[in-house]
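Novice: Sharing a sequence plus its predicted fold:
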Amino acid sequence: MSLQGQRILLGISGGIAAYKSAELARLLSKAGAEVQVVMTPGAQAFITPLTFQALTGRPARTELLDEDAEQGMGHIELARWATLVLLAPATASLLARMRAGMADDLLTTVLLASQAPVAIAPAMNQAMWAHAATQANVQGLTELYDPQWIGPDSGDQACGDFGAGRMSEPAAIVQALQERFAEKKSAWAGRRVVVTAGPTREAIDPVRYLSNHSSGRMGFALAEAAARQGAQVVLISGPVQLATPPGVERIDVESAQDMWQAAQTAAPKADLFIGAAAVADYRVENPSDQKQKKQQGKNEWQLTLVQNPDIIDGVSRLKDRPKQVVGFAAETQDVERYAWDKLARKNLDWIVANDVSRTDIGFNSDDNEVTVFGRQNERYDIGRQPKSVLADALLDVFARGFPED
Ligand code: PMT
């Protein structure tokens, strides 16, 4: 799921949360939207228009009476251009001026001239948000615009207060918009999706094991996104510290052999099988039933490892093979070459190449940045973004593999 094709007019008013709007503009663009920023004079006291020009590729608009800008896209054209107006942050002042129908700057003027749906992410001090005047404005705006309210969140505030009034995080705002558009159309409604996630643990003895740094976040984000978009999702998870996403059936496993067992049951006839798990290639040949003791005078302990079943390879060769099988390639060097090799060797439809030499993406981080290669020689570069947002972009790619529908 992406915001591909959406033209979002991002209205920024003057609050400290305006600094978060830079990240918001970046994430909206990454999700495929065209973004045009309109700033109030107050917003420019917190962040410069140049920042947004660099992030969106379009000059931010600031003035109502600007001859040069009006020669390009005039304020009425701007209002017509938008498929969605997103106000983030929306201050108490902006809400009040909107409700009063004022047109005293470019943003409020565009709002009056636009027929596009409106989404509002308020941000202000908790007492200002709770004030009866603001709440009356919220009520009034709900009647006037029927907007999508996103937040505000509760928590510590820049002014030192604690309470409701913080602008929602940029990733959450993007997700809320994606859900809004997904409700209208989803390639995943009714599809059966199976995802493996997390590490496996290969026992050495009852207290020790071989494992890796996978947190499960990438696989869980994919399972969550697919379920949100209407798929029936089975998530086969190694040992991780993550909550089960809403609407997802979860099967917990420990070892690669357990994961292979669960996959053989869940995978047949699925529409999509995604191997996001970091499966141990080898296990200890003879794990001990008892804890192994340190032996005095013995400096070495040799373990014999034997190969584990390759789950994704096995799934891609099942009689009732899923319609599409997707692997991840976690590599520290020659990422692209190894990814193409795995795509062919494991009989996959897509491979998601993950450069795990970096610490800011991949294993155990909130973000990821990947390149997807397809068996028809497709290539999609998906820039760094939270795994929760990237998961939707990946599903958009995989949805292209169902051309017959
Ligand atoms: O879990 P996170 O912290 O969010 O991190 C995400 C991730 C880095 C773990 C994930 O994005 C990722 O790259 N997963 C694949 C890790 C991996 O094991 O890659 P690989 O190149 O060794 O394996 C290639 C593919 O074969 C993978 O789809 C893997 O699931 C699969 N495989 C590997 C070995 C095996 N015995 N069976 C398998 O199915």
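Specialist: In hand now; what should we look at?

Novice: drop to CA atoms for contacts and neighbour counts, all remaining ones
Specialist: Fine.

Novice: Kindly report the residues of the stretch 101-250 of the chain close to the ligand.
Specialist: Proximity of the stretch 101-250 of the chain to the ligand is confined to 198, 214-218 under the rule C-alpha under 6 Å from any ligand atom.

Novice: looking at this protein, which helix or strand does the model trust least?
Specialist: helix 67-72 (a mean of 74; mean pLDDT, DSSP states H and E).

Novice: I'd like the next helix or strand past that one.
Specialist: Moving toward the C-terminus from helix 67-72, the next helix or strand (DSSP states H and E) is helix 75-81.

Novice: For that following helix, list every residue counted as buried.
Specialist: 75, 78-79, 81 (16 or more other C-alpha atoms under 10 Å).

Novice: just stretch 161-169 next, same as before
Specialist: For stretch 161-169, the neighbour count (16+ other C-alpha under 10 Å) marks 163-169 as buried.

Novice: And stretch 372-391, by the same measure?
Specialist: Applying 16+ other C-alpha under 10 Å to stretch 372-391 flags 372-374, 382, 384-391 as buried.

Novice: Dump the buried residues of helix 75-81 into CSV; add distance to residue 251 and pLDDT as well.
Specialist: Listed next are those as CSV, based on distance: C-alpha to C-alpha, whole Å; pLDDT from 0 to 100:
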residue, distance to residue 251, pLDDT
75, 54, 84
78, 50, 86
79, 49, 87
81, 47, 82
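
Novice: wait, which of these is closest to residue 398?
Specialist: Proximity of the buried residues of helix 75-81 to residue 398 (C-alpha to C-alpha) peaks at residue 81, which lies at 29.8 Å.

Novice: I figured the closest one hits residue 7, correct?
Specialist: Yes - taking contacts as C-alpha atoms under 8 Å, residue 81 lies within contact range of residue 7: 7.1 Å.

Novice: okay, residue 361: pLDDT?
Specialist: On pLDDT, residue 361 comes in at 91.

Novice: Next up, the contacts around the residue lying closest to it once chain neighbours are set aside.
Specialist: Closest residue to residue 361 apart from its sequence neighbours, by C-alpha to C-alpha, 6 or more residues apart in numbering: residue 368 at 4.4 Å. Neighbour list for residue 368: 354, 360-362, 383-387, 390 [criterion: C-alpha atoms under 8 Å, 6 or more residues apart in numbering].

Novice: Quickly check: stretch 356-368 near the ligand or not.
Specialist: Yes - counting by C-alpha under 6 Å from any ligand atom, the ligand has neighbours in stretch 356-368: 362-365.

Novice: buried residues in that stretch?
Specialist: Buried, per 16+ other C-alpha under 10 Å, within stretch 356-368: 356, 361-365, 367-368.

Novice: so which strand or helix has residue 354?
Specialist: Residue 354 belongs to strand 350-355, assigned by DSSP H and E.

Novice: now swap in residue 328 and tell me
Specialist: Assigned by DSSP H and E, residue 328 falls in strand 324-331.

Novice: Return that strand as CSV; C-alpha atoms alone will do.
Specialist: Only the C-alpha atoms of strand 324-331 are listed here, as CSV (Å, rounded to 0.1, in the frame of the first residue of the first chain):
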residue,chain,number,x,y,z
GLN,A,324,4.2,-16.1,-5.1
VAL,A,325,7.2,-16.9,-2.9
VAL,A,326,9.3,-14.0,-1.6
GLY,A,327,12.7,-14.3,0.1
PHE,A,328,14.9,-11.8,1.8
ALA,A,329,18.7,-11.8,1.1
ALA,A,330,20.6,-10.5,4.1
GLU,A,331,24.1,-9.8,2.9
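
Novice: what sits against residue 107?
Specialist: 11, 38-40 are the contacts of residue 107 under C-alpha under 8 Å, 6+ apart.

Novice: do the same with residue 389
Specialist: 31, 171, 174-175.

Novice: which residues does residue 251 bridge with?
Specialist: With DSSP bridges as the criterion, residue 251 is bridged to residue 236.

Novice: Could you measure from it over to the ligand?
Specialist: 16 Å (C-alpha to the nearest ligand atom, to the nearest Å).

Novice: my guess is that residue meets residue 239, correct?
Specialist: No - using C-alpha under 8 Å, residue 251 is not in contact with residue 239, being 10.6 Å away.

Novice: doesn't residue 167 make contact with residue 151?
Specialist: Yes - at 6.5 Å, residue 151 and residue 167 qualify as touching, with contact defined as C-alpha under 8 Å.

Novice: Identify the contacts common to the two.
Specialist: With contacts defined as C-alpha under 8 Å, 6+ apart, the residues shared by residue 151 and residue 167 are 121-122.

Novice: If I look at residue 403, what pLDDT would I see?
Specialist: Reported pLDDT for residue 403: 68.

Novice: who touches the residue of the chain positioned farthest from its centre in this structure?
Specialist: Most distant from the centre of the chain: residue 297, at 52.5 Å, with distances by C-alpha atoms, centre = their mean. Residue 297 sits next to no residue when contact means C-alpha under 8 Å, 6+ apart.

Novice: Name the SS class of it, please.
Specialist: coil (DSSP: H, G, I helix; E, B strand; the rest coil).

Novice: how much space between it and the ligand?
Specialist: 36 Å.

Novice: Phi and psi next, for that residue.
Specialist: When read as degrees, to the nearest 10, the backbone of residue 297 gives phi 80, psi 0.

Novice: Mind pulling the model confidence for it?
Specialist: 89.

Novice: Could you work out the end-to-end span of stretch 338-356 for me?
Specialist: Length of stretch 338-356, first residue to last, C-alpha to C-alpha, to the nearest Å: 13 Å.

Novice: which intervals of the stretch 51-200 of the chain have sub-threshold pLDDT?
Specialist: 72, 183-185 (pLDDT under 70).

Novice: And the strands in it?
Specialist: 84-90, 118-122, 148-149, 153-156, 162-166, 192-197 (DSSP state E, counting those that start in this stretch).

Novice: Right, I'll call it a day here.
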